[in-house]
Structures are given as C-alpha cells and as structure tokens.
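Q: sequence isn't available, so here's the structure alone:
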Ligand SMILES: Cc1cc2nc3c(=O)[nH]c(=O)nc-3n(C[C@H](O)[C@H](O)[C@H](O)COP(=O)(O)O)c2cc1C
C-alpha cells in the first residue's frame, strides 16, 4: 500500500464505517496483535490547529469486555483498516469471534497482518488510517443527555472506552 495525503482526499467516512465497517487493529504491550470490527467512530479535527501540520484525528469506541480493550490501553498506536468488499465475510469473523479464543485471530479470519512503523494493519484493505493515540477515557453514565441511548446501548453498564488518535499516516492501494 502507498501513503497518501488524507487532507487532500474526500472520504465518505460515515459510509466507510457504518456501511463497509472497519477493522480496528492494535498490538498490546506484550506484543499480541488483534483486530475487531468497528462501525462506530468519527473522523475530523481536534487539538491539532497549528500543530504537527494540523493532522486530522479518528475516534473509536471499544467496550470494556472486548479482548482488544487491554491491548488498546497498553498500546501507543492503532490502525483502522477499511477492508476491500470481497473480504466482508472476514469482517464478520473479526466482529463476532474473540481474540481470547484465537492466538492469531487475523490469520484465522483469512486476512493478513502487515505493519507500518511497527503498527499492525490489515493488508487486504483499500484504505488504512494509522493513528498515534492521543486520548483515552471511558464514557460516563452521567454524561448522557439522551437517556434513550443509555437504555438502548448500555443496559448492561458496559460503557465504551473512547480512543482518539492522530492520523500519522494514511495508506491506500
Ligand atoms: C458491524 C460490527 C460493528 C461493530 N462495532 C463495534 C464497535 O464500534 N465497538 C465495539 O466495542 N464493538 C463493536 N463490534 C463488536 C466487536 O467487533 C466484537 O465483539 C468482536 O468479537 C470483539 O473482538 P475481540 O474480543 O477480539 O476484541 C462490532 C461488531 C460488528 C459485527
């Protein structure tokens, strides 16, 4: 894959995430690599005005019970891979099986891991965003203005952890 200037690209990020889905991939401090399917997140501008070339950021949300969560917590970086449509079935695997049950969940899904400066991503992708972690915090129950979201998404109390990453590299085929 080749690097491209994401600021010059017009991405339909909502469609990429909500329709195509992404693969959130990271390597924990112990060296363990894992990937899980995501469809929630944002892409935009935060904190970077006038700093570090005003690079955009991406935010992802991981429930505390995911195998991926402690890996995300202990890692300085993560990637979001938009896997090519013909591999959608593999995204179904990444989104339903746990890394707790597979020593190499990415290989078990039929996909391949590659690395950008040591940060893992999925090779079979059309677009990959490589992110340096800037911020992480668990969503607060007290923060919900719309109580219906709380009921619909968090009846079990498993609030997502939010991770904001600076997009340090964007790759495409
Ligand atoms: C389409 C789709 C979107 C998903 N989006 C998210 C998400 O944004 N955040 C999340 O925590 N889990 C999400 N999941 C669930 C995880 O991908 C799933 O629980 C996965 O098995 C976790 O893998 P892990 O235990 O190896 O971390 C999604 C699943 C699917 C199928």
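A: Sure thing, it's come through. Only a predicted model underlies this, so the values are computations on that prediction, with no experimental measurement involved. Numbering: from 1, shown residues only.

Q: average pLDDT across the strand or helix carrying residue 149?
A: Residue 149 belongs to helix 147-153 when elements are defined using DSSP states H and E. On average, the pLDDT along helix 147-153 is 95.

Q: which other residues reach that helix?
A: 141, 144 (CB atoms under 8 Å, 6 or more residues apart in numbering). Using the backbone N, CA and C atoms, a C-beta is placed for each residue, glycine as well.

Q: right, and the helix or strand after that helix?
A: Scanning onward from helix 147-153 (DSSP H and E), the first element met is strand 160-172.

Q: ok, that next one: who's next to it in the sheet?
A: Sheet pairing of strand 160-172 (DSSP bridges) gives strand 2-3 (antiparallel), strand 57-63 (antiparallel), strand 125-138 (antiparallel).

Q: now the end-to-end length of stretch 97-105.
A: 8 Å (CA to CA, to the nearest Å).

Q: for this protein, which residues are neighbours of the ligand?
A: Within reach of the ligand by CB under 6 Å from any ligand atom, the chain has these residues: 21, 34, 36-40, 61-63, 66-68, 95-99, 105, 160.

Q: tell me which stretches of the protein form strands.
A: For the chain, the strands defined by DSSP state E occupy 2-3, 22-27, 33-38, 41-44, 57-63, 77-83, 113-116, 119-122, 125-138, 160-172.

Q: so for the fifth one, mean pLDDT?
A: Right, strand 57-63. pLDDT averaged over strand 57-63 gives 98.
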